[in-house]
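Undergrad: quick one, structure for this:
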Amino acid sequence: MTPKAVFWDMDGTLVDSEPLHEAALVAALRSVGIAPPTDLHERVLGVAAWPVYEMLRDQFGLALPFDDWIVRKYDHYLPMAETLRPRHGAIEVFNELRARGVEQAVVSNSDRLIVDANLSAVGLVYPGMHTVSRNDVRQGKPHGEPFLRAAYLAGVDPADAVAVDDSVTGAMAGLAAGMKTIFWPEAPMEGPPGAIVISSADELREKLGL
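TA: Model (predicted):
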């Protein structure tokens, strides 16, 4: 049965943007003389900018103030945002749900600047669209607040909504919000207890009753 609402993560779930995030992070680190750790992707997947900065500051000696650091990263990221493409099959599912009148929102741990740039790059922009960025909530994922904010904007009970996310951090947030949570990682991995793990857009369609 199709749910009343579906709330989507953006980076890695709707938009194939994780490689660009990682490339921008690597370039920014190298620009200040820090060699990126080999497990950088695993450390930062789904994590908001501030805790990533704290990790880099505390463990790798990043000396820049946060505001200077994030500008440096975005200076690498934003010029390349127009090259982004949707994750295979994801926006087709989004558009089918929209045609059926299902409430939807994009719920991201990225800053508003990145949310707007990414969604514009893949053509997912329309009047009345609900989006929640890290700037719109007090606590980001894995806290449930971002998904609860989406439920509030959409006017639905969290228990009637489905959260779709590609990171463990994001799936934990969906579960914390009391939502049925679909974990759709880009590479096979275990999801948090309680999440429904899938590996393809076809499985996503099935779980959403399409």
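
Undergrad: any idea how far the longest helix anywhere in the chain is from the chain center?
TA: Longest helix in the chain, counting residues (DSSP state H): helix 18-31. Centre-to-centre, helix 18-31 and its host chain are 17 Å apart (C-alpha atoms, centre = their mean, to the nearest Å).

Undergrad: show me what counts as buried in it.
TA: 18, 20-21, 24-26, 28-29 (16 or more other C-beta atoms under 10 Å). C-beta: built from backbone N, CA, C; applies to glycine.

Undergrad: and which of these is nearest Asp136?
TA: His21 (19.3 Å; C-beta to C-beta).

Undergrad: thinking again about what came up before, can you show me the CA trace of the longest helix of the chain as PDB?
TA: Extracted C-alpha coordinates of helix 18-31, given in PDB (Å, rounded to 0.1, in the frame of the first residue of the first chain):
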ATOM      1  CA  GLU A  18      28.600  11.800  -2.600                       C
ATOM      2  CA  PRO A  19      31.600  11.500  -4.900                       C
ATOM      3  CA  LEU A  20      31.600  15.300  -5.400                       C
ATOM      4  CA  HIS A  21      31.300  15.900  -1.700                       C
ATOM      5  CA  GLU A  22      34.300  13.600  -1.100                       C
ATOM      6  CA  ALA A  23      36.300  15.200  -3.900                       C
ATOM      7  CA  ALA A  24      35.600  18.700  -2.500                       C
ATOM      8  CA  LEU A  25      36.600  17.600   1.000                       C
ATOM      9  CA  VAL A  26      39.800  16.000  -0.200                       C
ATOM     10  CA  ALA A  27      40.700  19.200  -2.200                       C
ATOM     11  CA  ALA A  28      40.000  21.400   0.700                       C
ATOM     12  CA  LEU A  29      42.100  19.300   3.100                       C
ATOM     13  CA  ARG A  30      45.000  19.200   0.700                       C
ATOM     14  CA  SER A  31      44.800  23.000   0.300                       C
END
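
Undergrad: now the element after it, going C-ward?
TA: Heading C-terminal from helix 18-31, the first helix or strand you meet, by DSSP states H and E, is helix 40-44.

Undergrad: send the alpha carbons of the next helix or strand after that following helix over as CSV?
TA: Remark: after helix 40-44, the chain's next helix or strand is helix 49-60, criterion DSSP H and E. Provided in CSV are the C-alpha atoms of helix 49-60 (Å, rounded to 0.1, in the frame of the first residue of the first chain):
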residue,chain,number,x,y,z
ALA,A,49,29.3,19.8,8.1
TRP,A,50,29.9,20.8,11.7
PRO,A,51,30.6,17.3,13.2
VAL,A,52,32.8,16.6,10.1
TYR,A,53,34.7,19.8,10.9
GLU,A,54,35.1,18.8,14.6
MET,A,55,36.5,15.4,13.6
LEU,A,56,39.0,17.0,11.2
ARG,A,57,40.0,19.6,13.8
ASP,A,58,40.4,17.2,16.7
GLN,A,59,41.9,14.2,14.9
PHE,A,60,43.8,15.8,12.0
